[in-house]
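Visitor: Got a predicted structure here, sequence first:
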Amino acid sequence: MLLVWLCTLVAFSQNTEFDTLQETKRITFSTIPNDKQKSFEPYYIELKKASFGVQRFSIFEQLAEEHMKKGDTDSILKYGNLYEKELGNWDKSEQEKNHHYAKAHYFMGVGNVFNGLLEKSTEWHIKGIRAAESSNFQEYEYKNKVGLANTYVLKENPDKAIVLLNEVLPKFSSQFTAITNRAFVLLGNAHLKKQEYEKAANYYDQAYAMAVDFKDLEMELTVGLEQAKLAEALEDLGKAFTDYEDIRERALAEGFTALYFEGSLLLAKLYYKEGMYETANIALSFAYINAVDRENLEFQKDALSVQARCFAKLEDYKNAYAVITQLFGVVGAKNAQQQRAIIKELEIEYETLEKEKEIIELEEGKLKREAELKRQKTIKNAFLIGFLIILIPIMALLYVYYQKIQAQSELTKKQEEINQQKVAALVQEQELNLIKAAIEGQDEERKRIAQELHDSIGGNLAGIKLQFASMEGDSEKLKTLTGQIDETYQLVRDISHTLIPKKFKQNAFTALIREYVKSISNTGELQIGFHPHPEKKINAIDEKLQMEIYKIIQELITNTLKHASATSVDIHLGVIDNTLSLLFEDDGKGFNTANIMDGIGFQNIKNRISELNGSFHIDSVLERGTVVSLEITLKNTAS
């Protein structure tokens, strides 16, 4: 194990102020060798020997649970997928299969949470709940509902999580204490999200007491980590720092590497929060290495995101840009992993359908033989059976025809409603485009008139003034004419400057953008984060380019409000090596880029970028949000 002494950090006095210099404590971060092949070797040996069915399923469960403790995301998903696949080929009743599907779906839900794929996790837990309910498997009904509540908390929907947990606790709390302990922790997390700190502390205390009573060290450490987060939220930074470090060390010693990773990342974020950017960077580097070793994309994303901000605070913009590039790679890997998961699910479904088809064919053969025997035994009733065979299909056809007419009528009504909505939307969009075109036309006309006044008339007046100045004589009439020309020239300059929008001349560019995004955020529809670096260089770029970037940001936010159903947006604007870069990311529903890229909004943006000799790229996946990035070389935009 590689140990690195990062620095001598300050401990905390009794009043828990972060900057109190009372005593010192050394903090270490380390890379943890991924010895899962060695530690899991007994499981692999047993898996090779186990017969198909319950024996293999039991080993899949044990492997998935052990990998959950260590934070090995891909391994959790691997054994969840194997569980799913083999269940599809298991020749048992639906109730027996659903008993195991409830477990397999639970592991898939947990694995997707580790990778930050919360919507996918939600789907798996809902499937697990249905499978558990159909087989009356209460333990995994409870587990999947608690897992579903966890996704609600992570998706910033604490009220939904609280409602769900309060529904299941009275039904299951006394039967499954370990799961109940987890439910109390999630209730604490939900109330912490709502800043209801007293309620959060109460639930954490209950969970901690249960963990101690049942000697559940992993849960004890988990609760301790959440209590440290609560201390940080209450600005008790001394307690937060001490608890994070203590829990990290104990988790590492006991082999709970997932908790060790989370504690390390929280500690690094605390360093960042307190301005200790160099120390935070070192801690984040080790956290990133450990996350890469275990293929945990969510930890990688968190570590890189904070590290980019550290470099920005240190004004090391090259490294910040490099880290952001890595972050894009991780985001892309997450999207690719999601696609692979979808393909894997489809493969499992296909194989399951093929197996079911074989079973149906066997059952059909059996039914044919039974039908032949039955026909021979009931030959005397042939006429009656024939009559029924004719009558029943006719009645069925009449019923189907009636249902079809009803469905067609409903479909026609719905189509009319959809058409009316489309027409209204097109009219509204056309009105917006007309207003936008009129405003842009007015701006261009003002610029043209201002330029003509300044360059043509102003230039002529300046020339006349010079000619008068060169004339000999000192008469009062000549002085009067010279003064009148000066006044006229000044009036022309004032009119030309008035015609050009003043807000880009009188205000810092970054301040204008902040004012704009604040006005959007205040509506409550969308929370927008704006991160410029370095501001001095950004505010110094050409005024024409400022106006174009401002309009592009407006266009992107407008598209997000109209189409994305997003709750938050992050805008990163930077200048590095004479290149202006803009990164726009939302958490909306995403879209198929092949279908949307030629829309009016994106075409307007592409035209603006083309005029500025810049590059433009969009990355979007359904249900995973949208990332828009552009780069412009500043020397090409000089007027």
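Guide: Received the coordinates, thanks. All of these numbers come straight from a predicted model, not from anything done at the bench. Residues are numbered from 1 along each chain as shown.

Visitor: what's the nearest residue to residue 94 if we skip its chain neighbours?
Guide: Among residues not flanking residue 94 along the chain, residue 134 sits closest, at 7.5 Å (C-beta to C-beta, 6 or more residues apart in numbering). From N, CA and C alone the C-beta is placed, and that goes for glycine too.

Visitor: right, and that neighbour touches residue 93 too?
Guide: No: in this structure residue 134 lies outside contact range of residue 93 using C-beta atoms under 8 Å: 11.2 Å.

Visitor: what about these two, which has more around it?
Guide: Taking other C-beta atoms under 10 Å, residue 134 and residue 93 do not tie; residue 134 has more neighbours (16 against 10).

Visitor: any idea how far the residue nearest to residue 94 is from residue 372?
Guide: According to C-beta to C-beta, to the nearest Å, residue 134 and residue 372 sit 35 Å apart.

Visitor: Run through the helices of the stretch 301-450 of the chain in chain order.
Guide: Taking DSSP state H, counting those that start in this stretch as the test, the helices found in the stretch 301-450 of the chain are 317-377, 382-452.

Visitor: Would you single out the least confident of those helices?
Guide: Ranked by mean pLDDT, the helices of the stretch 301-450 of the chain bottom out at helix 317-377, with a mean of 68.

Visitor: Lowest-scoring secondary structure element of the chain by mean pLDDT?
Guide: strand 2-10 (a mean of 35; mean pLDDT, DSSP states H and E).

Visitor: so where is the stretch 201-350 of the chain shaky, pLDDT-wise?
Guide: Within the stretch 201-350 of the chain, the ranges that satisfy pLDDT under 70 run 286, 290-291, 293-296, 333-350.

Visitor: run the last query once more with 80
Guide: In the predicted model, the stretch 201-350 of the chain carries pLDDT under 80 at residues 257-258, 261, 273, 279-303, 305, 307-308, 311-317, 319-323, 326-327, 329-350.

Visitor: now the strands for the chain?
Guide: With DSSP state E as the criterion, the chain has strands at 2-10, 24-31, 527-533, 568-576, 579-586, 615-620, 626-633.

Visitor: hey, least reliable of those strands by pLDDT?
Guide: With a mean of 35, strand 2-10 has the lowest mean pLDDT of the strands of the chain.

Visitor: what's the span of stretch 48-58, first residue to last?
Guide: Chord length of stretch 48-58, first to last residue, is 13 Å (C-alpha to C-alpha, to the nearest Å).

Visitor: Assess the claim that residue 529 and residue 573 are in contact.
Guide: No: shown here, residue 529 and residue 573 do not form a contact pair, counting by C-beta under 8 Å, at 11.4 Å.

Visitor: Who has more neighbours out of these two?
Guide: More crowded of residue 529 and residue 573, by other C-beta under 10 Å: residue 573, with 20 against 12.

Visitor: So what sits opposite that one in the bridge?
Guide: Judged by DSSP bridges, the bridge partners of residue 573 are residue 532, residue 582.

Visitor: got the contact list for it?
Guide: Going by C-beta atoms under 8 Å, 6 or more residues apart in numbering, residue 573 touches 510, 513, 530, 531, 532, 533, 538, 549, 580, 581, 582, 583.

Visitor: I'd assumed residue 511 was in contact with the third one.
Guide: So the one you mean is residue 530. No: Residue 530 lies out of contact with residue 511 (C-beta under 8 Å); the separation is 10.5 Å.

Visitor: who's more crowded, the two?
Guide: residue 530 (17 against 13).

Visitor: Please report the distance of that one from residue 307.
Guide: For residue 530, the distance to residue 307 equals 20 Å [C-beta to C-beta].

Visitor: show me what contacts the closest residue to residue 317 other than its chain neighbours?
Guide: Closest residue in space to residue 317, ignoring its immediate chain neighbours: residue 576 at 5.1 Å, by C-beta to C-beta, 6+ apart. By C-beta under 8 Å, 6+ apart, the residues touching residue 576 are 317, 318, 321.

Visitor: Of those residues, just say which sits nearest to residue 481.
Guide: residue 317 (56.2 Å; C-beta to C-beta).

Visitor: for the closest residue in space to residue 324 that isn't next to it in sequence, what are its contacts?
Guide: Among residues not flanking residue 324 along the chain, residue 308 sits closest, at 5.1 Å (C-beta to C-beta, 6+ apart). If a contact means C-beta under 8 Å, 6+ apart, then residue 308 has 320, 323, 324, 327 as its contacts.

Visitor: same thing but at 6 Å, please
Guide: If you count contacts by C-beta atoms under 6 Å, 6 or more residues apart in numbering, residue 308 has them with 320, 323, 324.
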